[in-house]
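Q: Fold the stuff below for me.
(2 chains)
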Number of protein chains: 2
Amino acid sequence: MAEVNTGGTQKFRRIAIEEAFTIPEIADRTRAMTHGATEWSLDKVFLRNLYPDADPSKAKGGISYAAQKLQDLSDGRIADMDQFGVDMQLLSMATPGVQMFEADIATELAALSNDRLAEAIAKNPARLSGLACFAPQDPASAAKEMERSINTLGLNGFIVNSHTDGEYLDEEKYWPILEAANALGACMYIHPRCPPNGASSSYRGYEGILGSAGYGFVVDASIHAIRIMVSGVLDRFPNLKFCLGHMGEGIPFWFSRLDQIMGMYKAWGHLKLELMPSEYFKRNFVISTSGVEDHLTLQYTIDKIGVDNVMWAVDYPFLQTGPAIEFMDTAPISDADKAKIYGGNAERIFNIPKL
Amino acid sequence: MAEVNTGGTQKFRRIAIEEAFTIPEIADRTRAMTHGATEWSLDKVFLRNLYPDADPSKAKGGISYAAQKLQDLSDGRIADMDQFGVDMQLLSMATPGVQMFEADIATELAALSNDRLAEAIAKNPARLSGLACFAPQDPASAAKEMERSINTLGLNGFIVNSHTDGEYLDEEKYWPILEAANALGACMYIHPRCPPNGASSSYRGYEGILGSAGYGFVVDASIHAIRIMVSGVLDRFPNLKFCLGHMGEGIPFWFSRLDQIMGMYKAWGHLKLELMPSEYFKRNFVISTSGVEDHLTLQYTIDKIGVDNVMWAVDYPFLQTGPAIEFMDTAPISDADKAKIYGGNAERIFNIPKL
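A: I've put the predicted structure just below:
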């Protein structure tokens, strides 16, 4: 840790686990798809701000600065990490990644992105680790890429940017993906994506404000996780491990409600599940703190799911590193728990070698 | 309280504030609209179970028993309250009430329902109180009915079953309703309704399990409240008071996230708001415990919004009274706080005379 030790004051290894990147090929194709697009979507509202078109004066919103940092997998990123004493970033493809593209292109770009990610990690193995992306549009090819990502490239798990064409991973056509993740024993981060068109009308009038990080992200990712919990796939693939950002996308708050309602459906014969939602969550899900920098909510979430299932994240470059560190440094929890959340749990869950 | 004192052991006045009823005219029209309907909606999936058609053998799901109790505004309901020592029910029109109907019929049935509700309360004024419904489909008439409901009928506030035709009360066409509520100083309960068709695709395959109480209710009601918070209507009508069920539909969990993201949009000039979302919530919203019978979540919510803003509810006849009372009786909070949540806050917020 010598290279990031900030004057001997850093007590904990800090591994940030929801840290975004992209590659030029994906950024350029995303930019081309979102500017002048005739078909509207919340994704496109979000992405037009993230990837401004060629004329910077046409860029709207303050989030576009982030896009410039997404493609830096080397010196600039490491310098930002050094500034605040972040030991390692666990990198993942920025939402929606390849999931907007045609299947063949998405499959190709996922592999290219995973190669680039592995190269970047090879250059800075003490500072970077990463989650492989894949193209759910072609589940069989995705399963092969997942196997290659772990066994050949040595990546640390998977990222899926929630729905693909408005569909979720519990659907049977995607089971090859779940089967691969289950067999490989690697954790899959379900990162939010804007809700699909068929689930977007409630944001009308507030597409930019509420359709993405404002609230739509939470809604889509939480529905994705709940579908997985009630679908029965966790009985079929019991070793699956999913990670949710944003303090578990609020699901720990809903344990008693979900258990109560699903318990009623079970009693009436509408659901056949071995466990209750809260039991699946505690067995098959872990979470990160990304974007919820609030001590009361941290403690509540620890009380709900256990400190071993909570990991720190920044959400670089979209959110600021300084406040994320201050939030954790000042958290009123024991040093032992802080060490787990800052890095110890990530080492275990994402197969990151200890120092 | 003599008539409900269960052997001298009842320390607190128990006022349950999310207790549903309907009238035959609304139930029959709802039943007719939902059976054999050609246009699909999550509402209709939910309501077909709630209001089985004429042949009981065709009824699906275990929730249909509830519909039979919805129309009892007298002896049967009072007997159920007596069984568990519920002193008072604050009644409100079961979701979606009149909000599926054509404007003229909805307006007429809202008035009829309010008349019936006032009659029922007049017969049992110590045991029943109630929230007036209205037809957002005709905002000008709704505002008049709201005024009549409070000033002539003496009802205790308002119920809106979330969206109407996929629209929410922040939209300018509904401002006459907000203006009336603001002027009358009466609290409006935003009860959930199934998400509208344009926001329903993410529930595909789980329409019955997740489209209503399973999760869709939460999503729709929380979006409704967040729209109200970010729209600016709380700057225009600062005396508005809304009530959310289900521990505030999860919004207290999202205070830090909402404030962070909306703070960014404010800084970038996309939002003009006097307060942050958490500040609006604490000023303009109160909540009930309905359906979230979990002590940790109760304490967390109290810590977030203050005990003066939390009220007890059962959600009769959909949920069971016994567990709702056990939840509150065994809550590890002071008797003073318990008295507020069980009834004291409801007396103040819904203008219910003290004993």
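
Q: When you work out contacts or count neighbours from here on, use the C-alpha atoms and nothing else.
A: Noted.

Q: Am I right that A:Ile209 is in contact with B:Tyr265?
A: Yes. Under the criterion of CA atoms under 8 Å, A:Ile209 makes contact with B:Tyr265 at 7.3 Å.

Q: who's more crowded, those two?
A: The neighbour comparison of A:Ile209 against B:Tyr265 (other CA atoms under 10 Å in any protein chain shown) goes to A:Ile209, with 22 against 19.

Q: Would you mind measuring from that one to A:Tyr189?
A: From A:Ile209 across to A:Tyr189, the span is 24 Å (CA to CA, to the nearest Å).

Q: Low-confidence regions, chain A specifically.
A: Within chain A, the stretches with pLDDT under 70 are A:1-9, A:54-64.

Q: Flag every residue of it that's near chain B.
A: Neighbours of chain B within chain A, by CA under 8 Å from any CA of the partner chain: A:61-62, A:166-167, A:196-203, A:206, A:209, A:213-215, A:219-220, A:223, A:227, A:250, A:253-254, A:256-258, A:261-262, A:265, A:268, A:270, A:291-294, A:296-297, A:300.

Q: which residue does the stretch 101-250 of chain A bring closest to chain B?
A: A:Ala199 (3.5 Å; CA to the nearest CA).

Q: in the stretch 251-355 of chain A, which spans are helices?
A: A:255-267, A:277-284, A:295-305, A:321-329, A:335-339, A:345-349 (DSSP state H, counting those that start in this stretch).

Q: what does the stretch 101-250 of chain A give?
A: Along the stretch 101-250 of chain A, counting by DSSP H, counting those that start in this stretch, helices occupy A:103-123, A:139-151, A:175-184, A:207-210, A:216-231, A:233-236, A:245-249.

Q: right, so of these, which gets closest to B:Met33?
A: helix A:216-231 (28.3 Å; CA to CA).

Q: now the closest one and helix A:277-284, what's the angle there?
A: With axes from the mean of the first three to the mean of the last three CA atoms, to 10 degrees defining the directions, helix A:216-231 sits at 100 degrees from helix A:277-284.

Q: Check the offset of helix A:216-231 from the chain's centre.
A: 13 Å (CA atoms, centre = their mean, to the nearest Å).

Q: ok and it relative to helix A:255-267, angle-wise?
A: Using the same axes, to 10 degrees, helix A:216-231 lies at 40 degrees relative to helix A:255-267.

Q: A:Ala132 contacts A:Leu153, doesn't it?
A: No. With contact defined as CA under 8 Å, A:Ala132 does not count as touching A:Leu153 (9.2 Å).

Q: Quickly list what's touching both of the two.
A: A:Asn114 (CA atoms under 8 Å, 6 or more residues apart in numbering or on different chains).

Q: Compare neighbour counts for the two and give me the winner.
A: Taking other CA under 10 Å, A:Ala132 and A:Leu153 do not tie; A:Ala132 has more neighbours (30 against 18).

Q: Bridge partners for the closest residue in space to the more buried one that isn't next to it in sequence, pull those for me.
A: Leaving aside its sequence neighbours, A:Ala132 sits nearest to A:Phe158 (CA to CA, 6 or more residues apart in numbering or on different chains; 4.6 Å). Here A:Phe158 shows beta-bridge partners A:Ala132, A:Met188, assigned using DSSP bridges.

Q: residues contacting A:Phe158?
A: A:131-134, A:146, A:186-189 are the contacts of A:Phe158 under CA under 8 Å, 6+ apart.

Q: How much space separates it from A:Thr330?
A: For A:Phe158 relative to A:Thr330 (CA to CA), the value is 30 Å.

Q: repeat for A:Thr301
A: A:Thr301 sits 17 Å away from A:Thr330, going by CA to CA.

Q: and the residue lying closest to A:Glu207 once chain neighbours are set aside, what are its phi and psi?
A: Counting by CA to CA, 6+ apart, A:Glu207 lies nearest to A:Leu42, which is 6.3 Å off, once chain neighbours are set aside. Here is the backbone geometry of A:Leu42 (degrees, to the nearest 10): phi -60, psi -40.

Q: Tell me who's in contact with the closest residue to A:Asp170 other than its chain neighbours.
A: In this structure, A:Asp170 finds its nearest non-sequential neighbour in A:Ile228, 5.2 Å apart by CA to CA, 6+ apart. Neighbouring residues of A:Ile228 by CA under 8 Å, 6+ apart: A:169-170, A:234.

Q: nearest to A:Ile325, of the residues you listed?
A: Nearest to A:Ile325 among the contacts of A:Ile228, with distances taken as CA to CA, is A:Leu169, at 32.9 Å.

Q: can you count the residues close to that closest one?
A: Neighbour number of A:Leu169 under other CA under 10 Å is 24.

Q: The residue sitting nearest the centre point of chain A and A:Ser278: what is the separation?
A: Chain A has A:His191 as the residue nearest its centroid, 3.2 Å off, counting by CA atoms, centre = their mean. When distance is defined by CA to CA, A:His191 is 20 Å away from A:Ser278.

Q: And A:Val160, by the same measure?
A: 22 Å.

Q: same question, A:Thr289
A: From A:Thr289 to A:Ser278 the distance is 19 Å (CA to CA).
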